[in-house]
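J.: structure, please.
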Amino acid sequence: MENAMNLNAELFRQLSYIAGDENAMKKAVKYLKKLAVQIKEATSVEEEEPYRPRTKAEVLADFDLACKELKLNLEGKLELKSAEEALDEL
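T.: Here you go, the predicted model:
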């Protein structure tokens, strides 16, 4: 809390230095508005979809796709990622 009070005091001290310069104040206000939007966007939590187990058809479709990709890889028609590359993506 004390740190926030110090930062608040410093903010107002710096603003007092530019208070007489309308252009500088406009720039400061514009920047603070942009910063507020960025913070609001960063802290907004997107609603997650509730958990839904996958259907048998979805699992079988994914398995079918994996088998087709493996076949293409064995035929040299598709290059698959290494396990290390896949883990790096996570």
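
J.: now for the chain, the helix or strand with the poorest mean pLDDT.
T.: Lowest by mean pLDDT, DSSP states H and E among the helices and strands of the chain is helix 83-89, with a mean of 76.

J.: what residues does stretch 64-73 touch?
T.: When contacts are defined by Cβ atoms under 8 Å, 6 or more residues apart in numbering, stretch 64-73 is touched by residues 78-80. C-beta: built from backbone N, CA, C; applies to glycine.

J.: pLDDT for those residues - can I get that in JSON lines?
T.: Formatted as JSON lines, the contacts of stretch 64-73 follow (pLDDT from 0 to 100):
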{"residue": "78", "pLDDT": "85"}
{"residue": "79", "pLDDT": "86"}
{"residue": "80", "pLDDT": "82"}
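
J.: if we look at the one helix or strand residue 35 maps to, which residues are touching it?
T.: If you go by DSSP states H and E, residue 35 is part of helix 22-43. If you take Cβ under 8 Å, 6+ apart as the criterion, helix 22-43 is touched by 15, 18-19.

J.: now with 10 Å, please.
T.: Contact with helix 22-43 is made by 11, 14-15, 17-19, 21, as judged by Cβ atoms under 10 Å, 6 or more residues apart in numbering.

J.: just the ones of these in helices?
T.: The helices, defined by DSSP state H, take in 11, 14-15, 17-18 from the contacts of helix 22-43.

J.: could you redo those residues as a markdown table and give each row distance to residue 60, pLDDT and neighbour count?
T.: Compiled in a markdown table, the ones in helices among the contacts of helix 22-43 are given as follows (distance: Cβ to Cβ, whole Å; pLDDT from 0 to 100; neighbours: other Cβ atoms under 10 Å):
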| residue | distance to residue 60 | pLDDT | neighbour count |
| --- | --- | --- | --- |
| 11 | 59 | 84 | 12 |
| 14 | 63 | 87 | 11 |
| 15 | 64 | 85 | 14 |
| 17 | 68 | 87 | 9 |
| 18 | 66 | 88 | 13 |
